[in-house]
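Novice: task: produce atomic coordinates for the following.
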Amino acid sequence: MAEDCPDHRSCDGALVRVFGLLGKRWNGVIIGTLATGSAGFAELRRAIGGISDSMLSDRLTELAATGLVRREVKDGPPLSVSYHLSPRGAALLPALDALAKWAAEHLPADC
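Specialist: Numbering: from 1, shown residues only. Now for the predicted structure:
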């Protein structure tokens, strides 16, 4: 039936892509947490709370693969790894700030 209607709606492809990435649990939270600067794995896990090591690792790998987060290995001893936002990831911060403001105004705290 939608084929017969020239005025049918379609979803914006860019929104589909961005929510395909940011709609995954923790991705937006990780990006928001890195807004204050680079952090190591354990520091991120403590700051976020409720995320498992394997999920954090998976999400960081995914965010690095999309170019939003950079992983930096510093020679030791001890060897250390830190994560920080790339310029592409930092470009998301105004949108995340707007979403956080909207949530504070319109979503109940227990949501």
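
Novice: same question for stretch 24-41, mean pLDDT?
Specialist: For stretch 24-41, mean pLDDT rounds to 96.

Novice: oops, could you answer that again for stretch 76-88 instead?
Specialist: On average, stretch 76-88 scores 93.

Novice: contact partners of that stretch?
Specialist: Residues outside stretch 76-88 that contact it (Cβ atoms under 8 Å, 6 or more residues apart in numbering) are 31, 34-35, 37-41, 44, 60, 64, 67-74, 93. Where you see a C-beta, it was placed from the backbone N, CA and C, and this is true even at glycine.

Novice: how about 7 Å then?
Specialist: 31, 34-35, 37-41, 44, 60, 67-74 (Cβ atoms under 7 Å, 6 or more residues apart in numbering).

Novice: go on, stretch 22-30?
Specialist: With Cβ under 7 Å, 6+ apart, stretch 22-30 has contacts from 21, 44, 48, 51, 55, 59-60, 63, 96.

Novice: 6 Å - rerun?
Specialist: 48, 51, 59 (Cβ atoms under 6 Å, 6 or more residues apart in numbering).

Novice: which one (most neighbours) among these?
Specialist: Ranked by neighbour count (other Cβ atoms under 10 Å), those have R59 at the top, with 21 neighbours.

Novice: check contacts around that residue.
Specialist: 26-27, 30.

Novice: what ranges do the strands span in the protein?
Specialist: 39-40, 69-74, 80-85 (DSSP state E).

Novice: any chance of those in a markdown table with mean neighbour count and distance to L107 as columns?
Specialist: What follows is the strands of the chain, written out as a markdown table (neighbours: other Cβ atoms under 10 Å; distance: least, Cβ to Cβ, whole Å):
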| stretch | mean neighbour count | distance to L107 |
| --- | --- | --- |
| strand 39-40 | 16 | 26 |
| strand 69-74 | 14 | 26 |
| strand 80-85 | 16 | 25 |
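
Novice: so can I have JSON lines of those showing distance to G13?
Specialist: Output for the strands of the chain, formatted as JSON lines (distance: least, Cβ to Cβ, whole Å):
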{"stretch": "strand 39-40", "distance to G13": "32"}
{"stretch": "strand 69-74", "distance to G13": "23"}
{"stretch": "strand 80-85", "distance to G13": "24"}
